[in-house]
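Asker: next input, structure requested:
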Amino acid sequence: MNDSSARPVATRHVGPLGSTIHVLRADAGTVVELAAVDWNRHFRRVWLDPVRGLITLMSPSNLHEDLTGILDDIVDIAASVLGRTSKSTRSTRLRRHEEPPGTGMEPDCAFYVGERAEGFLAAHAEGQDAADAFLLHTAPDLAVEVEITSVDEGKIERFAELGVRELWRLRGRKGSEELLADFLALRPGDPPRPLAASGVLDGLTPADVCEAVKPVRLSRNRIERTEAVARIVRRRRQTTIRVREEDPPPYAASAPRRRDAPAAD
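Answerer: Presented below is the predicted three-dimensional model:
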């Protein structure tokens with residue numbers, strides 16, 4: 001390391017779903033040097049941030065991994081039902097192209113949706129080098145974080161800096177079936193903006209996502225999972241269309257009078 005006397009300061013946390021999170025704080029040079037270590041051999045989620053001097057290593061609980069897989073399915077199926085192209089980035093570590101190799105953060109789930117998904121598939125068709133370059137220069141549209149702890153708050157700003165459009169944060173309690181969700185719109189340099197419904201997935205709400213978790217978890221095969229999510233997506237679309245039809249446009253109540261029309265008595 002650059003300074004043998006400056007050792008990383010480590011703390012250990014246990015998340016609300018039982019995951020173990022190790023946080024190391026060190027100078028930027030130390031973080032870059034530690035990026036050469038293959039942390040994924042021992043930890044499922046890794047975040048190496050030389051800007052903040054932060055290394056976060058997570059060993060997810062079984063519940064955390066179960067929910068992560070379920071959310072991956074929900075987003076993929078919902079996009080398909082909505083007729084949107086989607087592509088999961090899997091465990092790709094996200095970083096800006098000017099940042100050192102090996103650094104970056106691994107969200108629980110992340111997806112290209114729509115235009116960016118089409119761009120990634122086109123790049124992938126050109127070869128792995130083109131796909132890797134696209135991943136490096138193009139942030140996912142949507143990131144999902146399942147287990148929120150006090151050490152994760154910096155991730156929101158980080159996702160925004162990377163260019164992620166939307167973040168879903170799911171909150172749960174160990175030993176409880178209750179699940180809550182927050183949707184946030186992200187823009188670099190701006191505070192996150194709470195969303196009542198997703199802009200990436202055509203009006204899907206946090207309540208819709210939470211409702212989909214149980215039937216997806218209990219489904220026995222892909223067909224059952226698809227139908228469970230499809231029912232919720234179709235219902236949401238019908239509700240959205242009905243609300244739009246029942247809410248007249250602002251000009252409907254009083255159309256402007258033509259210039260050549262006689263004034264009313």
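Asker: got any ranges where the stretch 101-250 of the chain has weak pLDDT?
Answerer: The model of the stretch 101-250 of the chain has pLDDT under 70 over residues 148-153, 173-177, 244-250.
Asker: against R44, how distant is E98?
Answerer: 27 Å (CB to CB, to the nearest Å). The way it works is simple: take the backbone N, C-alpha and C, and place the C-beta from them, glycine included.
Asker: what's the answer for V216, then?
Answerer: 21 Å.
Asker: and whichever strand or helix holds F159, what does it pack against?
Answerer: Using DSSP states H and E, F159 sits within helix 154-162. Packing partners of helix 154-162 (3 or more CB pairs under 8 Å, 6 or more residues apart in numbering; DSSP states H and E): strand 45-49.
Asker: which of the residues in the strand it packs on are buried?
Answerer: 45-49 (16 or more other CB atoms under 10 Å).
Asker: go on, stretch 222-234?
Answerer: Result for stretch 222-234 [16+ other CB under 10 Å]: buried residues 225-226, 228-230, 232-233.
Asker: next one: that stretch to chain centre, how far?
Answerer: 20 Å (CA atoms, centre = their mean, to the nearest Å).
Asker: who's in contact with that stretch?
Answerer: Stretch 222-234 is contacted from outside by 73-74, 77-78, 80-82, 204, 208, 211-212, 215-216, 219, using CB atoms under 8 Å, 6 or more residues apart in numbering.
Asker: next one: stretch 40-59
Answerer: With CB under 8 Å, 6+ apart, stretch 40-59 has contacts from 8, 15, 19-32, 34-35, 39, 60, 65, 91, 93, 99-100, 102-106, 108, 151-152, 154-155, 158.
Asker: which of these fall in helices?
Answerer: Those of these mapping onto helices are 28-32, 34, 65, 154-155, 158, per DSSP state H.
Asker: looking at those residues, which one is closest to R165?
Answerer: Using CB to CB, R158 is the member of those that lies nearest R165, at 14.2 Å.
Asker: you'd agree that closest one is up against M105?
Answerer: Yes: counting by CB atoms under 8 Å, M105 is a contact partner of R158 at 6.1 Å.
Asker: ok, the closest residue to R171 other than its chain neighbours - contacts?
Answerer: Distance criterion CB to CB, 6 or more residues apart in numbering; nearest residue to R171, sequence neighbours excluded, is L180 at 4.7 Å. Listed by CB under 8 Å, 6+ apart, the contact partners of L180 are 170-172, 206, 210.
Asker: output those as JSON lines; include the columns secondary structure and distance to E115.
Answerer: What follows is the contacts of L180, written out as JSON lines (DSSP: H, G, I helix; E, B strand; the rest coil; distance: CB to CB, whole Å):
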{"residue": "L170", "secondary structure": "strand", "distance to E115": "26"}
{"residue": "R171", "secondary structure": "strand", "distance to E115": "30"}
{"residue": "G172", "secondary structure": "strand", "distance to E115": "32"}
{"residue": "P206", "secondary structure": "helix", "distance to E115": "24"}
{"residue": "C210", "secondary structure": "helix", "distance to E115": "28"}
